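Colleague: what follows is a predicted structure for the sequence shown.
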Amino acid sequence: MKLDVKELFLKLDEVMNKEIILEGWVKNHRKQKTIGFIEFNDGTCQKSIQIVYDEANANFEDITKIKIGSALRVKGIVRTSAGNGQDFEIGLNSVEVLGDCTDDFPMQPKRHTREFLREQAYLRPRTNLFRAVFRIRSVAALAIHSYFEENNYVYFNSPIITGDDCEGSGQMFKITTLDMNNLPLNEDKTVDFSKDIFNELTYVTGTGQLHGEAFAMAFKKIYTFGPTFRSEHSNTKTHANEFWMIEPEIAFCDLEGLMNIEEELLKYVIKYVMDRCKDELELCDKFVENGLIDKLNNVLNSSFVRITHKEAIDLLKKADVKWEFEPAYGEDIAKEHEKYITEYYNCPVFITTWPKDIKAFYMKVNEDGETVAAVDLEVPGSGELMGGSQREEDYDKIIQRMKEMNIPLDDLDWYTKLRLYGGCYHSGFGLGFERLIMYLTGIDNIRDVIPFPRTPGKIDY
């Protein structure tokens, strides 16, 4: 009977004292004079199993030469273990080396720093930590899709190539088929993009929001979930040039309704992961962030606090803290401010009603004319996790905002016309998937929750 290691744990009573076949890799190999122990894992679960052989095996000497990292096909009897640390083991009958491993295999059974493992990104999934991290990432992705499917959302695939700079930030990668060593030029020496494949300057998307809003006007509730690209030259622990975003857009939804959805989604994902990744979370709790599981349970059992930006600044100004960045009413809040606010309330906090001058053109301006119906969700230990707003549904008002912010009207003519053709009040938010995985695992560097990270100066693999 051929089994995955995960299946073996699930069917243990059924296969006890029977011969099974396993295929996987050697994580460790301890050899003694008359007996040997192979720690074996096939990647299907966090747990490894012990394979035991001794001099009764006809090819005992050959088995002792099997190297760490090698791929094996093993036949053996599932039996009660005589040693400590495991309830059962595999008594080896025969083994076939399907893929040998050289002596310089970097993933030897010892503690490696995350910095070292980052330089071995193609091998680090074989370590206990990164097996846990990337399984949690996989399960969390399924949780995202499950939540939205259960709540009647349409999964919308927004374009990767776009002619629109949604945020007007200029932090978007440009793409071209032009010969960079022989660019066609106009008379004024600017690049003649009419010779390019799309006949104009084109970008790799920084968000799926605008296109998502168009589909929300047809399906009521949609979400995007895909790769996003920013050309920001930032080397912080929380920024990358390629990352994944979840961006729901919901018609007939105001800011209060949006916050309800954000809270419900986060709790759903946490519960989903905790139910399915117990071993992985316990590893992260032990070796990455002590108290991780308690932190996640606290979120599940909390009612998220809702305060305005002004109330947040009031709180920060009253605090007996010497700030590196002094809190100000018309300004953004810093990481140290986010940390203080979430620790003060000891739960996730929604901060609403932001100054309009620091927010995007598409956000609905409040009646005071000074703030917008925007919201950031701050979570303990990580700071901002989600950011969203009620979108401006009034055609004249969004045109005015775009003029104020010098955003070209022609480029987004299709987007603004949504307000003329049965537009309605609607809202949406963005959730950085890697930020979510950092929160779920306790990992503090975005490079360690992306399989092959893309950051300034790093395009390895």
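Modeller: On my side now, so go ahead.
Colleague: show me where the stretch 251-400 of the chain has its strands.
Modeller: Ranges of strands in the stretch 251-400 of the chain, per DSSP state E, counting those that start in this stretch, are 305-308, 349-355, 371-379, 383-391.
Colleague: buried ones in the helix or strand where residue 96 lies, by neighbour count?
Modeller: Here residue 96, judged by DSSP states H and E, is contained in strand 88-99. By 16 or more other C-beta atoms under 10 Å, the buried positions in strand 88-99 come out as 89-92, 95, 97. All C-beta atoms are positioned from the backbone trio N, CA, C, and that covers glycine.
Colleague: out of the strands of the stretch 251-400 of the chain, which comes closest to residue 207?
Modeller: With C-beta to C-beta, the closest approach to residue 207 among the strands of the stretch 251-400 of the chain belongs to strand 383-391: 11.1 Å.
Colleague: which residues are contacting that closest one?
Modeller: Residues from elsewhere that reach strand 383-391 (C-beta atoms under 8 Å, 6 or more residues apart in numbering): 213, 249, 253-255, 258, 262, 266, 335, 338-339, 342, 348, 359-360, 362-364, 372-379, 425-432, 435-436, 439.
Colleague: can I get that strand as PDB, trimmed to CA atoms?
Modeller: Taking Å, rounded to 0.1, in the frame of the first residue of the first chain, the C-alpha atoms of strand 383-391 are listed here in PDB:
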ATOM      1  CA  GLY A 383       0.200  47.500  12.500                       C
ATOM      2  CA  GLU A 384      -1.900  48.200   9.400                       C
ATOM      3  CA  LEU A 385      -3.300  45.000   7.900                       C
ATOM      4  CA  MET A 386      -6.200  46.300   5.700                       C
ATOM      5  CA  GLY A 387      -7.000  49.700   4.100                       C
ATOM      6  CA  GLY A 388     -10.200  50.700   2.500                       C
ATOM      7  CA  SER A 389     -12.800  53.300   1.900                       C
ATOM      8  CA  GLN A 390     -16.300  54.100   0.700                       C
ATOM      9  CA  ARG A 391     -15.800  55.100  -2.900                       C
END
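Colleague: buried set for it?
Modeller: 383-391.
Colleague: how about the helices of this protein, start to end?
Modeller: Taking DSSP state H as the test, the helices found in the chain are 5-10, 12-15, 60-64, 114-118, 128-150, 209-219, 255-276, 278-287, 292-300, 309-318, 335-345, 395-404, 413-417, 433-441.
Colleague: just the angle between the fifth one and helix 278-287, please?
Modeller: Using axes from the mean of the first three to the mean of the last three C-alpha atoms, to 10 degrees, the direction of helix 128-150 lies 130 degrees away from that of helix 278-287.
Colleague: may I see the buried residues of stretch 377-384?
Modeller: In stretch 377-384, counting by 16+ other C-beta under 10 Å, buried: 377-384.
Colleague: you'd agree residue 253 is up against residue 427?
Modeller: Yes: taking C-beta atoms under 8 Å as the definition, residue 253 is a contact partner of residue 427 at 4.5 Å.
Colleague: how about stretch 57-73: buried residues?
Modeller: Buried residues in stretch 57-73, counted by 16+ other C-beta under 10 Å: 57, 63, 66, 68-70, 72.
Colleague: and for stretch 334-349?
Modeller: 334, 337-338, 340-342, 345, 347-349.
Colleague: likewise for stretch 103-123?
Modeller: Neighbour-count burial for stretch 103-123, counted by 16+ other C-beta under 10 Å, picks out 107, 114, 117, 121.
Colleague: hmm, the first one is touching residue 121, no?
Modeller: Meaning residue 107. No: between residue 107 and residue 121 there is no contact under C-beta under 8 Å: 12.0 Å.
Colleague: first-to-last residue distance for stretch 53-72?
Modeller: 14 Å (C-alpha to C-alpha, to the nearest Å).
Colleague: show me the contacts for the residue found closest to residue 206 once you drop the neighbours it is linked to in the chain.
Modeller: Leaving aside its sequence neighbours, residue 206 sits nearest to residue 172 (C-beta to C-beta, 6 or more residues apart in numbering; 4.9 Å). Neighbouring residues of residue 172 by C-beta under 8 Å, 6+ apart: 165, 203-206, 229-231.
Colleague: give me the distance between residue 172 and residue 196.
Modeller: Plainly put, residue 172 is 16 Å away from residue 196 if you go by C-beta to C-beta, to the nearest Å.
Colleague: how close does residue 29 sit to residue 79?
Modeller: Applying C-beta to C-beta to residue 29 and residue 79 gives a distance of 20 Å.
Colleague: those two: which is more packed in?
Modeller: Per other C-beta atoms under 10 Å, whichever of residue 29 and residue 79 has more neighbours is residue 29, with 20 against 14.
Colleague: list the beta-bridge partners for that one.
Modeller: Residue 29 forms beta bridges with residue 38, as assigned by DSSP bridges.
Colleague: do the same with residue 224
Modeller: Bridge pairing for residue 224 - DSSP bridges - gives residue 247.
Colleague: next: residue 191.
Modeller: residue 185.
Colleague: and residue 391, how far is that from residue 426?
Modeller: On the measure of C-beta to C-beta, residue 391 and residue 426 end up 5 Å apart.
Colleague: so which of the contacts of residue 172 belong to strands?
Modeller: 203-204, 229 (DSSP state E).
Colleague: using JSON lines, lay out the residues you listed together with pLDDT and neighbour count.
Modeller: Below are the ones in strands among the contacts of residue 172 laid out as JSON lines (pLDDT from 0 to 100; neighbours: other C-beta atoms under 10 Å):
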{"residue": "203", "pLDDT": "90", "neighbour count": "20"}
{"residue": "204", "pLDDT": "92", "neighbour count": "18"}
{"residue": "229", "pLDDT": "92", "neighbour count": "20"}
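Colleague: just the buried residues out of the contacts of strand 383-391, in ChimeraX syntax.
Modeller: Restricted to buried positions by 16+ other C-beta under 10 Å, the ChimeraX selection for these reads:
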select :213,249,253,255,258,262,266,338,342,348,359,360,362,363,364,372,373,374,375,376,377,378,379,425,426,427,428,429,430,431,432,435,436,439
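Colleague: next one, pLDDT for residue 87 please.
Modeller: Note for residue 87: predicted pLDDT of 88.
Colleague: residues in contact with it?
Modeller: 12, 80-81.
Colleague: 10 Å instead, please
Modeller: By C-beta atoms under 10 Å, 6 or more residues apart in numbering, the contact set of residue 87 is 9, 12, 80-81.
Colleague: residue 458 - how many residues pack around it?
Modeller: Neighbourhood size, residue 458 [other C-beta under 10 Å]: 15.
Colleague: how near is residue 111 to residue 128?
Modeller: Taking C-beta to C-beta, one finds residue 111 at 10 Å from residue 128.
Colleague: which residues do the two both contact?
Modeller: Jointly contacting residue 111 and residue 128 under the rule C-beta under 10 Å, 6+ apart are residue 287.
Colleague: thank you kindly, that will do.
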